[in-house]
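**Student:** predicted model, plus sequence, below.
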2 protein chains.
Amino acid sequence: MGVNSLEHLFWPKSVAIVGASNNPGKAGHQILKTLVEEKFQGKIFAVNTSENEVFGLKCYKSLKDIPDRVEMVVISIPAPGVPDVMKQAAERGDVKAAIIVSAGFAETGIPERIELEKQVVEIAKAAGIRIVGPNCNGIINTGNRISTSFAPGLKMIPGSIGYFTQSGATGGSLLLFASSQPQPLGFSKWVHVGNMCDVTNLEVLEYYASDPSVKVIAGYMEGVRDGRELMKLADRITRQKPLLVLKVGRTEVGSSATLSHTGTLAGSDRIYSAAFAQSGIIRVNTIEELVDSAKALVLAPYPKGNRISVLTEAGGLGIIAMDELGSDPAVQLAPVTQETQEALAKVLPPMAMICKPNGYVDMTAAAMEKEFAESLRLLLKDPNVDAVILIGLPPTFLPAENVAKAIVEVARNHEKPVMVCFMTGQVMEDARKYLEESGIPTFDTPDRAARAMINLIKAASRLNYKGSKVLTLVPDKIFSHNIVKEAAREGRNLLEPEAVQVLEDFGIRMQPFYFAKTEEDAVAGADAIGYPVVLKVVSPQIIHKSDYGGVKLNLYSPEEVRQAYAEIISTVKRKAPDAEIKGVIVTPFMKGGTEVIVGMLRDPQFGPVVMFGLGGVFVEVFKDVSFRVAPFDRDEALKMIAETKAYTILRGARGSQDKDIDALADLLVKIGEIAVSNPEIKEMDLNPVAVFERGLAVLDVRIITEN
Amino acid sequence: MGVNSLEHLFWPKSVAIVGASNNPGKAGHQILKTLVEEKFQGKIFAVNTSENEVFGLKCYKSLKDIPDRVEMVVISIPAPGVPDVMKQAAERGDVKAAIIVSAGFAETGIPERIELEKQVVEIAKAAGIRIVGPNCNGIINTGNRISTSFAPGLKMIPGSIGYFTQSGATGGSLLLFASSQPQPLGFSKWVHVGNMCDVTNLEVLEYYASDPSVKVIAGYMEGVRDGRELMKLADRITRQKPLLVLKVGRTEVGSSATLSHTGTLAGSDRIYSAAFAQSGIIRVNTIEELVDSAKALVLAPYPKGNRISVLTEAGGLGIIAMDELGSDPAVQLAPVTQETQEALAKVLPPMAMICKPNGYVDMTAAAMEKEFAESLRLLLKDPNVDAVILIGLPPTFLPAENVAKAIVEVARNHEKPVMVCFMTGQVMEDARKYLEESGIPTFDTPDRAARAMINLIKAASRLNYKGSKVLTLVPDKIFSHNIVKEAAREGRNLLEPEAVQVLEDFGIRMQPFYFAKTEEDAVAGADAIGYPVVLKVVSPQIIHKSDYGGVKLNLYSPEEVRQAYAEIISTVKRKAPDAEIKGVIVTPFMKGGTEVIVGMLRDPQFGPVVMFGLGGVFVEVFKDVSFRVAPFDRDEALKMIAETKAYTILRGARGSQDKDIDALADLLVKIGEIAVSNPEIKEMDLNPVAVFERGLAVLDVRIITEN
């Protein structure tokens, strides 16, 4: 199913609407009406058993009766009738694509309806017909003016955005929102795939990636079925064109609605964020942010760096923009050169605030077109400035259009993005329209301008990113360990000595340890290892050893080891009478490191995911952890550490020495490799890991298998 | 200067514009133009030495020449000429108020301009003339159609909002933004006080508080000079009418711009947030949020509780609203009754999601006016629902106005707020206008509807709040300690034994301690207290004792005490040769509590502020601390603890026992009382405080005086 197979969906030369109707209360009426009124550039056939004519078109009783070639069929009749229609389409032999608008299939959860959907798919597949839907709004292509959406208010405005949406209603809102911008924001294509019985969002993304008329991809998503496939695709696409995704379900309340709404598992929202960032997807949180950012990406040139200058006519509004910029570490204020600052001082009135702080210029409300134009010109030609946010007010003493024209004159001579917030209202509308027509995006408020700028910068930096590809492990790193396979086959988790062995075999240097089965044995082990030591119970039934009194720390002598051994055995026997005690592990007692936790879990959407955070109570209370979908490289591992507050502590907060962050990054990379190589591993916990000034020590490890 | 003294500013019967001009490039031209065109309900006089007639009005050469009574003077001439004009106004005897639009006074920072401003104030004060400005846009009152603002696009729409702003430009934008709502949002009054040489924002607030035409107060603020005065006022006002404040400078980048922009110290943004919350001010972060929330407060009835139901036609949009609701602990999803759920099931199609999660109803896009109306009715009559957010799309099969009418019919029979998000664009504009005319606020996006609802609920709960007043300490709690006064007089900080004494005298039970001046003395002290003990150096020059080797913990025997004493003395002598060593404190060594930090500082705007957080490295790295302006009561102290993650840990995370949160709350209250009673104290650090299952122990205390 290559990309070309979607060609018939977007560019059919003829379309038959099955369910075309004169009743305005039917979707089939609305769809036909749109095709006729919007002047679809192809042939339209109406099909309905009980109509003779719809919208001046002859109405056929059946697909079979249409004498001309039919390339695409749109089906909008009750679900039970759909298999018959699909059979007729299959029998014709010329139909290449079908959009099933009708609901009442698998999404109902009713077994016979799930069966009905399967039936339709089988008929279509055998005949080589691709299906979008069922339960969908289908597609829009402004290139040939086709639309199967029945949402009202739709404007067929050509442009370069490719939309995909997991909700017809929300996807329709996106279009309406975009078309109510000062200069209505056009699009190339729009798809709502509904139940995805055949064509999926991923296939649509693939199509957009190679569609030259699509320059920016923007979508609405509630969840994905196969997160890894999305990541692989996005990793490739976002090196060529930006991909913006509005992913809902940020908070727990929101997430619970997502779960029930889509039926796809929403997964942990933080894993989504990590996966999106890893694969270059720009995540946005609101409809406004999606449309604002898409507009910026369509209109503005891509910046070379992340150094932003804010040029404002009103201090208050400037600070609002600065507040937004300050919330994202991906951007910084531009370090404007001394030369530019001096030149600005000559242009602006004495009350102006020039570069306090640097990058921020408040012209004061006295600014006229000359001040706007000159200040903007000086900032744009400064080599330390990559982009400018310009904030203006309705001018008192001249038409706003004059200011807009002055801005355009200056901006067109520089290949740097300028975002404009003109506050606000009707007086500024014409000026904003002129700016957008001239390729300068405008925004309702300073914070929205700043947020769009941040996303533009992220997209631009992604286009230049040459980092390693996600999710591919070179074959010689793949090492499926026998111990893991065996434990999984036996339906049990790894014993601690086994887990230690696995880590060692992956090149992680572990503490020396001794597996003792008797008290005397434990003392011998401690003598060999050197005091102080730790004793830990080994039992396949016991995962949380401390909870059963199975751990004794800081033992300084053979006597203490003896006593600890006896206590462990008796306590565990009492607290977990059914557990089989295999013995104890004797290992050195380590002090003085910073304790962190390294974990791994297998996410239903994204597969193996590695987690990092500060150890102890702080993982649970502060939730100060970061995630990466495995495998990933050392660079990503270092970023992963830097995202948490643990980083500050490892970097020697309060004057203590730096800890060995490089060793920690290596460990994270290796845990990712173990996870990818051993699909039988469901979860791992290395907790705690003590990180020292040189090296680190994994003090405890648990490996849980899928069983 | 009572409230009535501002009456002349808002309701003058006659106004003279000094600097009235035929030159459209002058503010005096624009101001006069507005007064004439907007039909100010009073007499207007033009004054200019070099004009004969402006806007068809005779132009007087001087204020002195006006034969009629002049109640207010608006001055818009270059700064150096202002004192003369003020003299003329004073000599007339009938002028009660003046608005000085002109810039070029104290805000320039130039000494002679500061002097010029003082001169003007003196003349006015002697004559009983109140001044707004200089360097301001002055006032607008839609009641008598007066405006001294020269911002274009202004619409004189009567309504019930009272605005104040610290920036003329940003304040003007607020009005434009409000007037471009579907149903333009009106206002009663608007004030930009500029340099505040006489009338301040606080006085304006006071006026609005007693102005029956103002129902909601909304303002833009960069900083305040006297935060405590603002709090006292707000505490009173917000029990009668809501007070919304857009306070910028959230992030460090933003804050630095604020600092340079206003000259008032912005203070710590977190202290602002605490102070606003304590005194009932609702803080908003963007212009959209300010206008959205003001609209909600003006139009909607106040809810009785915080239980919100989300009724949506599109899952995606519903989840966006849920995400926003989930981000604020002040609200919750409504626990819709079983009865309502069953009734909804009868009204809605089988595909609808009813109360999964509870409070959330997705009608699906098939909803028609009947489904909207019936679902809304069922939710509004449910006793477990306090408010409803309703999200609709442009309907395919009927006019949007029909849906709007159905909503209004239902909503008007219930005294519960309904917020509507109709997504979006031109097709919905008429419906939105109808809804707002009918008292139902509408919003561009679901997140903005949700945010406005959150602020409405906060305002409503404040109106019902009967808690203790802020910032008043009953006289018998005020106790100015001699030790503090003496230390301050001597220009030094408190020695630890003194600090301990102060805390004890305020009823805080401290550990027994012994102030030893020799080695033998230290051993005697340890014997008396019981082992293990701690030794800490006492020296007026040493604040951070640990940094100089001045602390020894966990000493188990006289020998250890002896050795520790000797080590402390020798290390401190070596590391701080100039420090005078007064001896050591001997005190019990405590183990096993949760370590927290309690601090106090004197903020330049808000005065004494108490801080609470987890101890150790976590204060610095996680910045997990909360603030309260002192004094405050036990309730506030408990909230203060609950705002931090320390709360989870004190409440026995990981199965450990609850710690004594009540004792901690008492300590916080007392530290506030000490801070208020002793203005000589600049900072206090109780760090660490060990909180046990019963009681707590202040393990170290530092008191720094203003010296």
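**Tutor:** Sure thing, it's come through. Numbers count the residues shown, from 1 in each chain, chains lettered A, B, ... in the order given.
**Student:** now the end-to-end length of stretch A:148-165.
**Tutor:** 14 Å (Cα to Cα, to the nearest Å).
**Student:** and if you look at stretch A:595-610?
**Tutor:** Start-to-end, stretch A:595-610 (Cα to Cα) is 17 Å.
**Student:** what of stretch A:189-209?
**Tutor:** Counting by Cα to Cα, the terminal residues of stretch A:189-209 are separated by 12 Å.
**Student:** and A:Val669, that's in a helix?
**Tutor:** Yes: when DSSP: H, G, I helix; E, B strand; the rest coil is applied, A:Val669 is found to be in a helix.
**Student:** which non-adjacent residue is nearest it?
**Tutor:** Leaving out its chain neighbours, the residue that sits closest to A:Val669 by Cβ to Cβ, 6 or more residues apart in numbering or on different chains is A:Ala637, at 5.1 Å. In short, each C-beta sits where N, CA and C put it, glycine included.
**Student:** how about A:Lys536, phi and psi?
**Tutor:** phi -130, psi 130 (degrees, to the nearest 10).
**Student:** looks like it contacts A:Ile581 (just checking).
**Tutor:** No: under the criterion of Cβ atoms under 8 Å, A:Lys536 is not in contact with A:Ile581, lying 11.6 Å apart.
**Student:** could you count how many residues lie near A:Arg694?
**Tutor:** Neighbours of A:Arg694 under the rule other Cβ atoms under 10 Å in any protein chain shown: 10.
**Student:** typo on my end, A:Glu580
**Tutor:** Around A:Glu580 there are 10 residues (other Cβ under 10 Å).
**Student:** could you find the closest non-adjacent residue to it?
**Tutor:** Nearest to A:Glu580 is A:Ser539, by Cβ to Cβ, 6+ apart, at 5.9 Å.
**Student:** distance of the one you found from chain B?
**Tutor:** Here A:Ser539 is placed at a distance of 21 Å from chain B (Cβ to the nearest Cβ, to the nearest Å).
**Student:** I'd say the residue nearest to A:Val669 and A:Ile671 touch.
**Tutor:** No: here A:Ala637 does not reach A:Ile671: they are 9.4 Å apart, not a contact under Cβ under 8 Å.
**Student:** check whether A:Leu344 sits in a helix, strand or coil.
**Tutor:** Three-state call for A:Leu344 (three-state DSSP): helix.
**Student:** that one: what's it in contact with?
**Tutor:** A:Ala352, A:Ile354, A:Cys355, A:Val361, A:Ser375, A:Leu378, A:Leu379 (Cβ atoms under 8 Å, 6 or more residues apart in numbering or on different chains).
**Student:** residue boundaries of the strands in the stretch 551-700 of chain A?
**Tutor:** For the stretch 551-700 of chain A, strands defined by DSSP state E, counting those that start in this stretch occupy the ranges A:551-555, A:583-588, A:594-603, A:607-614, A:625-629, A:681-691, A:696-698.
**Student:** which one of these lies nearest to chain B?
**Tutor:** The closest of the strands of the stretch 551-700 of chain A to chain B is strand A:607-614. By Cβ to the nearest Cβ, the value is 8.9 Å.
**Student:** A:Asn464: how many residues sit nearby?
**Tutor:** A:Asn464, neighbours per other Cβ under 10 Å, totals 10.
**Student:** quick one on the thing from earlier: nearest to A:Ser213, of the strands of the stretch 551-700 of chain A?
**Tutor:** Checking these against A:Ser213 by Cβ to Cβ gives strand A:625-629 as the closest, at 31.4 Å.
**Student:** contacts made by that closest one with the rest, please.
**Tutor:** Contacts to strand A:625-629, defined as Cβ under 8 Å, 6+ apart, come from residues A:227-228, A:231, A:268, A:270-271, A:273-275, A:278, A:470-471, A:597, A:603, A:606-613, A:619, A:636-637, A:640-641, A:643-644, A:668, A:672.
**Student:** what is the mean pLDDT for it?
**Tutor:** Strand A:625-629 comes out with an average pLDDT of 90.
**Student:** same thing with stretch A:322-339?
**Tutor:** 94.
**Student:** chain center to it, what's the gap?
**Tutor:** Taking Cα atoms, centre = their mean, to the nearest Å, one finds stretch A:322-339 lying 25 Å from the centre of the chain it belongs to.
**Student:** tell me if that stretch is near chain B.
**Tutor:** Yes: counting by Cβ under 8 Å from any Cβ of the partner chain, chain B has neighbours in stretch A:322-339: A:Met322, A:Asp323, A:Leu325, A:Gly326, A:Ser327, A:Leu333.
**Student:** who's in contact with the closest residue to the last one other than its chain neighbours?
**Tutor:** Which is A:Leu333. Here the nearest residue to A:Leu333 in space, its sequence neighbours aside, is A:Gly359; by Cβ to Cβ, 6+ apart that works out to 3.2 Å. Applying Cβ under 8 Å, 6+ apart, we find A:Gly359 in contact with A:Arg307, A:Ile308, A:Ser309, A:Val310, A:Gln332, A:Leu333, A:Ala334, A:Pro335, A:Val336, A:Val385.
**Student:** if you set the cut-off to 10 Å instead, what comes out?
**Tutor:** Going by Cβ atoms under 10 Å, 6 or more residues apart in numbering or on different chains, A:Gly359 touches A:307-311, A:322, A:325, A:332-336, A:379, A:384-385, A:388, B:253, B:257.
**Student:** swap in A:Met368?
**Tutor:** Here A:Met368 is in contact with A:Pro395, A:Thr396, A:Phe397, A:Leu398, A:Asn402, A:Val403, A:Ala406, B:Gly25 (criterion: Cβ under 10 Å, 6+ apart).
**Student:** surely A:Thr594 and A:Lys659 touch.
**Tutor:** Yes: the pair A:Thr594 and A:Lys659 passes the contact test of Cβ atoms under 10 Å, sitting 5.2 Å apart.
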